[in-house]
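Enquirer: Kindly generate the corresponding structure for this input.
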Amino acid sequence: MPTKLMMIFVGLDFVFAGCGGLLLGFSLMSEQRMRESPRVDNVTENLLLGQCPLTGGVVNAVFIFVTFLLSLPALFLPANRGWLRTQGWLVVICATFTLGLGLAVWVDTLQTRAHLGELWQREAPLIQSLLQQKFDCCGYFNSTAPPFVQDGTCINSLVAAQKGGCIGPFSSFANRYLDLIFTAAFGIVGVDALLVLCVAMVLQYRSEQERYRHIDEKNGLGGL
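Expert: Presented below is the predicted three-dimensional model:
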């Protein structure tokens, strides 16, 4: 009959693997989405995803899956502690990797306006026009700095001056979107931390069981 501790350990181990699946799915789907033709409904997300470490997310997910596979012997060998120690260290490595990815995105949010200004100037007029249509604005800071792209939203200089620049709505959207990404990464780190604690408790439990078994053997109970 499995103990409650082992049931929690198994549950967290599968949640850990599920986090790897979410990370892999998000990274691959984001890379696929970025290859789509730019439209008003996807241009902003694609630009922001291009600033995220998606390749690092794929590598991190692979590490998580490898760690999960190496944890299976620890589940099926109730007296073994070596596989548990290996799993514990690998989970720490995965957590550190995920934390690094989350921090990379978080640091970008601290300088959102500066980064988005550089991003805006690098993009082609088509992308700038799509951003103007999405946020109903003209130019980045204002209609003249840098100059707006004339389109259906910014018909002429008079209309453009009345609408204002895109810096406000663009940066607000970027902060909200990137906040979700790095918060999810930190949430995965939280799952990793719980799993490490659970591994430590299972190690302690198995160590105590081994000690009791040796005591029983010395008392002539045959390790029962």
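
Enquirer: In a helix, residue 211, correct?
Expert: Yes. Residue 211: assigned to a helix according to DSSP: H, G, I helix; E, B strand; the rest coil.

Enquirer: Neighbours of it, how many?
Expert: Residue 211 has 10 neighbours, counted by other CB atoms under 10 Å. C-beta coordinates here come from the backbone N, C-alpha and C atoms, glycine included.

Enquirer: check contacts around it.
Expert: Listed by CB atoms under 8 Å, 6 or more residues apart in numbering, residue 211 has no contact partners.

Enquirer: what stretches of this protein score poorly on pLDDT?
Expert: By pLDDT under 70, the low-scoring segments of the chain are 1-2, 79, 212-224.

Enquirer: go again using 90 as the cut-off
Expert: Counting by pLDDT under 90, the chain shows low-confidence ranges at 1-10, 50-51, 70-85, 107-119, 121, 142-148, 157, 160-161, 164, 201-224.

Enquirer: tell me the centre residue of it?
Expert: In the chain, the residue lying closest to the centroid (CA atoms, centre = their mean) is residue 185, at 3.4 Å.

Enquirer: so who does residue 98 touch?
Expert: 23, 60, 185, 188-189, 192.

Enquirer: That should have said residue 13, apologies.
Expert: Contacts of residue 13 (CB under 8 Å, 6+ apart): 68, 71, 75, 195.

Enquirer: which residues touch the third one?
Expert: Residue 75 makes contact with 9-10, 13, according to CB under 8 Å, 6+ apart.

Enquirer: Which one of those residues is nearest to residue 3?
Expert: residue 9 (9.1 Å; CB to CB).

Enquirer: Can you report how many residues lie near residue 50?
Expert: 12.

Enquirer: now it, nearest residue through space, not along the chain?
Expert: Computed as CB to CB, 6 or more residues apart in numbering, the closest residue to residue 50 that is not its neighbour in sequence is residue 34, at 6.1 Å.

Enquirer: Only the buried residues of the strand or helix carrying residue 55, if you could.
Expert: Using DSSP states H and E, residue 55 sits in helix 54-76. Neighbour-count burial for helix 54-76 flags 54, 56-57, 59-61, 63-65, 67-68, 71, 74-75 (criterion: 16 or more other CB atoms under 10 Å).

Enquirer: With stretch 33-46 instead?
Expert: Buried-residue list, stretch 33-46, by 16+ other CB under 10 Å: 34, 38, 42-44, 46.

Enquirer: tell me the two of these that are most distant?
Expert: Among the buried residues of stretch 33-46, 34 and 44 lie farthest apart (CB to CB), at 12.0 Å.

Enquirer: wait, what's in contact with residue 174?
Expert: Per CB under 8 Å, 6+ apart, neighbours of residue 174: 44, 48, 109, 112, 116.

Enquirer: again, but for residue 69
Expert: Residue 69 neighbours (CB under 8 Å, 6+ apart): none.

Enquirer: mind checking how far it is from residue 20?
Expert: According to CB to CB, to the nearest Å, residue 69 stands 11 Å off from residue 20.
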